[in-house]
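**Q** Next comes the sequence, and after it the predicted model I'd like to discuss.
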Amino acid sequence: MRGRDLAAALAVLAGCLAIGTLAVGAPSEPSGIKFINAKIESQIIGAVPLRALDRDTPRHIIWCFGSKPAFAFERLKGVARMTFDGSVEEIIRADVPLHPGALECSDSGEVVTAISREGAKFFIRKGSRFGIYKTSGFKPLDIRSKGHLLSPAGDTLIAPVDLTYESGDDVLSTMRVVKLRGESISWRGNEVTFFDPQELSVRTYNLDSKQFSTLLTVGERYKGEEYDVSGIANCARHTLVQIASHLPKSEPNASADRLFVDILRLNPTIEVFTSRFSEFRSISLYGSNFNGMCIITDTTGAGGPEESYGYFVLFDDGLVKYSPPAGVYLGYAVHVAPRGCLVLARQFKRKNDGASNEEFVIGLRVTRAGPCA
């Protein structure tokens, strides 16, 4: 048993990627990965008031741009793109509500995809062309677990379900569509890394050779436990796999229960961050090719009034603790741009009346000493 009930419980605790929780203290340091001293600098490159995006606060905001930094966000029945000077462009218009968290954009900003809330329709824009497809059945609760279906280059789509052309332009006829039933899909060049629920393994698939390889047989590592793969991230030479596990037949809140989040680092060896269950802390994993590093989020008091965040960046040579500027937070999901060392963040500023704050979406440039990737 992979522990679907466990995954649902963890999603309630921390949101976003079905995140597990950990005990008081920083993530434990795995053998072979050390904490290092490195100077990290932050610069705000632009800000727009959150109220300018829509009447309803968007639940999912992602980077989506070519040469000029911009971000995309879902409206009830559409997708818009905004630059930091406040210019707004409608890029997808739908006839049904869209699924929160399923929005994707290619690195160039040319290809944008979305899925309907109930999972029956798939929308795609490529440049000026726009197409609508019927699906053979995305399950709404499973859409978020799929990971990144669109390749960073925007030329390939992983399709866990059948997609049938319905109307508009047949955009998919100009792309490579690969039928692959996997979860937590992540990209590295011409390979995708994913969790195979049939094989209970973390595997890779080479798009050119059409060959599969197994990185980790999860069931062998977690014998006698219930577990769930919550996320996979490829960044530089790292492959990180997030797994939540616990012993069966024990009360969910029992102090003796083993409820852990392991972050496994593969390539070339397996190393582990291990984090113990507590209702007050959580750990989450987000990766990108951001200056060759991944970002790990450590949250205290998740969902409560005392909620706070700690951030760690993982470079090839080790972990660095990162603190955003005062009044700025990255949240659970750290959205990193494909270029410019940019991170999407939120900032609170005091209003002119001095009695309340206003929230802004900001572009934050985060750099380590040396050239920006």
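**A** That came in fine, so what should we check first?
**Q** distance of residue 221 from residue 213?
**A** 17 Å (C-beta to C-beta, to the nearest Å). Backbone N, C-alpha and C define where each C-beta goes, glycine included.
**Q** show me where pLDDT drops low in the stretch 251-373 of the chain?
**A** By pLDDT under 70, the low-scoring segments of the stretch 251-373 of the chain are 251-293, 298-309, 332, 354-355, 369-373.
**Q** and residue 366, what are its bridge partners?
**A** Under DSSP bridges, the beta-bridge partners of residue 366 are residue 42.
**Q** May I have the residues that are in contact with it?
**A** 40, 41, 42, 322, 341, 342, 343 (C-beta atoms under 8 Å, 6 or more residues apart in numbering).
**Q** wait, residue 86 sits on residue 47?
**A** No: shown here, residue 86 and residue 47 do not form a contact pair, counting by C-beta atoms under 8 Å, at 10.1 Å.
**Q** of the two, who's got more company?
**A** residue 47 (17 against 10; other C-beta atoms under 10 Å).
**Q** Counting neighbours, what do you get for residue 117?
**A** 18.
**Q** Find the residue closest to it in space, skipping its chain neighbours.
**A** Leaving aside its sequence neighbours, residue 117 sits nearest to residue 97 (C-beta to C-beta, 6 or more residues apart in numbering; 4.4 Å).
**Q** Check residue 150 too.
**A** That would be residue 104: by C-beta to C-beta, 6+ apart, it lies 4.3 Å from residue 150.
**Q** And that neighbour, how far from residue 335?
**A** Residue 104 is 12 Å from residue 335, by C-beta to C-beta.
**Q** same check, this time on residue 327
**A** As judged by C-beta to C-beta, residue 327 and residue 335 stand 18 Å apart.
**Q** quick one: which of the two has more around it?
**A** residue 335 (18 against 13).
**Q** The more buried one: what's it in contact with?
**A** 61, 62, 63, 71, 286, 343, 344 are the contacts of residue 335 under C-beta under 8 Å, 6+ apart.
**Q** same question, residue 346
**A** So residue 346 contacts 50, 328, 329, 330, 331, 359, 360, 361, 362 (C-beta under 8 Å, 6+ apart).
**Q** ok, 7 Å please
**A** With contact set as C-beta atoms under 7 Å, 6 or more residues apart in numbering, residue 346 has these partners: 329, 331, 359, 360, 361, 362.
**Q** Neighbour count, distance to residue 122 and secondary structure added to these, as TSV?
**A** As requested, these are exported to TSV (neighbours: other C-beta atoms under 10 Å; distance: C-beta to C-beta, whole Å; DSSP: H, G, I helix; E, B strand; the rest coil):
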residue	neighbour count	distance to residue 122	secondary structure
329	15	33	strand
331	17	27	coil
359	13	32	strand
360	21	32	strand
361	21	27	strand
362	22	31	strand
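**Q** from those residues, which single one is nearest residue 242?
**A** Of all the contacts of residue 346, residue 242 sits closest to residue 331, with 17.0 Å by C-beta to C-beta.
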